[in-house]
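Asks: Let's see this in three dimensions:
(one chain, ligands or ions: 1)
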Amino acid sequence: MPRTYCSISHAALRHNLQRVRQLRPEASILAMVKADAYGHGLVEVAKALQPGVEALGVAVLDEAIVLRQAGIKIPVVLMQGVFSLQELAAARIHDLQLVVHQQRQLDWLLQTPGTPLTIWLKVNTGMNRLGFRPEMLPGVWSQLQQATAVRQIILMTHLAMADMPTESLTSQQHHCFMACQQSLGIADAQTSLCNSAGILAWPQLGGHWVRPGLMLYGASPFAAQCAADLQLQPVMRLYSRVMAIQQVRAGEIVGYAGCWQAKEDQRIAIVSCGYGDGYPRTAPSGTPVAIEGAIYPLAGRVSMDMLAVDIGHAPVSVDAEVELWGEQVPVDAVAAAAGTLAYELFCKVTDRVPFYQRIH
Ligand SMILES: Cc1ncc(COP(=O)(O)O)c(C=O)c1O
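Replies: Numbers count the residues shown, from 1 in each chain. Below you'll find the model as predicted:
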């Protein structure tokens, strides 16, 4: 095995998919595989999710083309829609479904007759990132209905604060969305509201389609609940190995800037993984690191290619296996210590880290 590597468990991925099914048995699943399947490997994850999901969500055209070139045949949705008329033509060639969130995308659709497409019409119910404001919807809806280039319209919105279960904005977004449906008189049209946090914490928010991302990869969208509490299993494990052991004396420092100082004579394990591999530089002393099944605290600053671990007097030796996150160290714990989210840690594993897909 190389010094540092990632292992991706397809069994955990499928377990988490089952969890979505269990929570929303009636809903169709649009699985989010954008950003290289949250850093887990776009094509491998897309294949591992089949059969079992009804559609795949990517952010941009290039990601969708990679899926089609890999032989993925199920519906693929461009979550940001198209950025030009040329992209619209390419979307037709590759049989993609499109989010339409602004007027120019609608204009392009109306200008260019062609194979009818399934459109995910995005309404801005309060997140104020993408989408038509509710008062614009009736006009947009009727234009889309008249367009020959449209096969089906699915009404969708995105929740800004579903990870905060007591936050009233989610209820307001829900009510706004229902009011939109009512004003359009489309009680029977297909709808979609929920990301992972919505699926897990807001059962009252229905919708024909759910759009899980993070939970599929086995991390928690909530600050106060870990993935295991949510019955999710970690899909990515970041491993490395001990490359050297240092014997330090009381009062000596370890690493750049001398941020960590030994209180007694003790041993330090130097692990061959740093921010050049995607381990967060902001992870402070004390962040958990697992070495051969035991948890130890990170000691001092994370360097580009290495980090140091306070192993006290433990009989750890060179070449010992280290888990930076995965089974023994939840990725959410590392992310919280580093002041970020699992989303970002997953996406930031760098190209020099090889990936191994594990079927079991
Ligand atoms: C429109 C949309 N739906 C669903 C998701 C999935 O969110 P999560 O990963 O929190 O489940 C995202 C992710 O950013 C998104 O942009």
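Asks: wait, what's in contact with Ser171?
Replies: By CB atoms under 8 Å, 6 or more residues apart in numbering, the contact set of Ser171 is empty. In short, each C-beta sits where N, CA and C put it, glycine included.
Asks: Distance-wise, check it relative to the ligand.
Replies: Distance of Ser171 to the ligand, computed by CB to the nearest ligand atom, to the nearest Å: 18 Å.
Asks: go on, Leu324?
Replies: Distance of Leu324 to the ligand, computed by CB to the nearest ligand atom: 21 Å.
Asks: Burial check on that residue, number of neighbours?
Replies: Other residues lying near Leu324 total 29 when counted by other CB atoms under 10 Å.
Asks: Equivalent analysis for the one 3 residues further on, please.
Replies: Burial of Glu327 is recorded as 15 neighbouring residues (other CB under 10 Å).
Asks: Which elements pack onto the host helix or strand of Arg68?
Replies: Using DSSP states H and E, Arg68 falls within helix 61-69. Counting contacts by 3 or more CB pairs under 8 Å, 6 or more residues apart in numbering; DSSP states H and E, helix 61-69 is packed against helix 42-48, strand 55-58, strand 76-78, helix 85-93.
Asks: Please produce CSV containing these, extended by distance to Glu252, mean neighbour count and mean pLDDT.
Replies: What follows is these, written out as CSV (distance: least, CB to CB, whole Å; neighbours: other CB atoms under 10 Å; pLDDT from 0 to 100):
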stretch, distance to Glu252, mean neighbour count, mean pLDDT
helix 42-48, 45, 20, 97
strand 55-58, 50, 23, 98
strand 76-78, 55, 25, 98
helix 85-93, 58, 17, 96
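Asks: need the contact list for the residue of the stretch 251-360 of the chain found nearest the ligand.
Replies: Nearest residue of the stretch 251-360 of the chain to the ligand (CB to the nearest ligand atom) works out as Tyr343 at 6.6 Å. Neighbour list for Tyr343: 38, 214, 219 [criterion: CB under 8 Å, 6+ apart].
Asks: ok, now with 10 Å
Replies: 35, 38-39, 213-214, 217, 219, 221, 331, 335 (CB atoms under 10 Å, 6 or more residues apart in numbering).
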